[in-house]
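*Asks:* Pasting the sequence and the predicted coordinates here, then a few questions.
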Amino acid sequence: MSPSDRERLEQMFSREYALSAADAAAAAASPELAAYVTACMQEAAAIGAGSKAVIDLITGVFLPRLSELKIPHSGIPARAPKPASLVRIASLSAAGELSGAEAASLLTEAWGTGRTPEELLAERRRGGPRR
């Protein structure tokens with residue numbers, strides 16, 4: 001990605017989603033990550049969720065997990081959780097229904113199992129095992 005493409009993406013993230021300069025720069029790190037963040041932000045807008053909780057989950061949990069699993073940005077489309085799952089978890093956290101630690105745990109579990117946040121939360125509420 002050329003520096004001008006990256007700068008254009010950073011400006012778009014700042015303008016359209018009110019991301020800070022640091023968050024916009026993180027989101028624009030690669031075309032694949034930018035596409036994933038855009039999909040998450042569009043999903044958030046569709047359900048009326050704010051962008052702050054979404055980008056916080058992306059920068060605070062998603063990106064470190066991506067690195068931990070040694071998934072290159074090119075692997076995001078095939079190996080990352082669906083944007084809808086990440087956004088649902090972020091919206092629950094923003095609404096105070098999950099703590100930050102619970103949101104991180106739920107995203108990690110959803111990523112590892114491929115199950116939806118709703119399925120995992122229902123299991124947790126029934127007292128089922130956490131993985």
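*Replies:* Nice, I can see it. Predicted model only: the values in this text are computed from it and were never measured.
*Asks:* so residue 74 makes contact with residue 33?
*Replies:* No: taking contacts as C-beta atoms under 8 Å, residue 74 lies outside contact range of residue 33: 9.8 Å. No exception for glycine: its C-beta is placed from N, CA and C like everyone else's.
*Asks:* So the two - more neighbours on which side?
*Replies:* residue 33 (21 against 12; other C-beta atoms under 10 Å).
*Asks:* Is that one in contact with residue 77, as I believe?
*Replies:* No: contact between residue 33 and residue 77 fails when scored by C-beta under 8 Å: they sit 10.5 Å apart.
*Asks:* Spit out the contact partners of the residue at minimal distance from the centre of the chain.
*Replies:* Geometric centre of the chain, nearest residue: residue 58, 3.9 Å, by C-alpha atoms, centre = their mean. Counting by C-beta atoms under 8 Å, 6 or more residues apart in numbering, residue 58 makes contact with 26, 27, 37, 40, 86.
*Asks:* remind me, longest helix of the protein?
*Replies:* helix 31-47 (DSSP state H).
*Asks:* mind listing what's buried in that one?
*Replies:* By 16 or more other C-beta atoms under 10 Å, the buried positions in helix 31-47 come out as 32, 33, 34, 36, 37, 38, 39, 40, 41, 43, 44.
*Asks:* Same question for stretch 108-127.
*Replies:* 108, 109, 110, 111, 115, 116, 117, 120, 121.
*Asks:* How much space separates the third one from residue 119?
*Replies:* Using C-beta to C-beta, to the nearest Å, residue 110 is found at 9 Å from residue 119.
*Asks:* Take stretch 91-111, keep the C-alpha atoms, and write them as PDB.
*Replies:* Only the C-alpha atoms of stretch 91-111 are listed here, as PDB (Å, rounded to 0.1, in the frame of the first residue of the first chain):
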ATOM      1  CA  SER A  91     -22.000  -3.100  21.700                       C
ATOM      2  CA  LEU A  92     -22.600  -5.300  24.800                       C
ATOM      3  CA  SER A  93     -19.500  -3.900  26.400                       C
ATOM      4  CA  ALA A  94     -20.500  -0.300  25.600                       C
ATOM      5  CA  ALA A  95     -23.900  -0.900  27.100                       C
ATOM      6  CA  GLY A  96     -22.300  -2.100  30.300                       C
ATOM      7  CA  GLU A  97     -23.600  -5.700  29.900                       C
ATOM      8  CA  LEU A  98     -20.000  -6.900  29.700                       C
ATOM      9  CA  SER A  99     -16.800  -5.600  31.300                       C
ATOM     10  CA  GLY A 100     -13.800  -5.000  29.200                       C
ATOM     11  CA  ALA A 101     -12.300  -8.300  30.400                       C
ATOM     12  CA  GLU A 102     -15.500 -10.200  29.700                       C
ATOM     13  CA  ALA A 103     -15.600  -8.700  26.200                       C
ATOM     14  CA  ALA A 104     -12.000  -9.700  25.500                       C
ATOM     15  CA  SER A 105     -12.700 -13.200  26.800                       C
ATOM     16  CA  LEU A 106     -15.800 -13.500  24.700                       C
ATOM     17  CA  LEU A 107     -14.100 -12.300  21.600                       C
ATOM     18  CA  THR A 108     -11.300 -14.800  22.100                       C
ATOM     19  CA  GLU A 109     -13.700 -17.600  22.700                       C
ATOM     20  CA  ALA A 110     -15.800 -16.700  19.700                       C
ATOM     21  CA  TRP A 111     -12.700 -16.600  17.600                       C
END
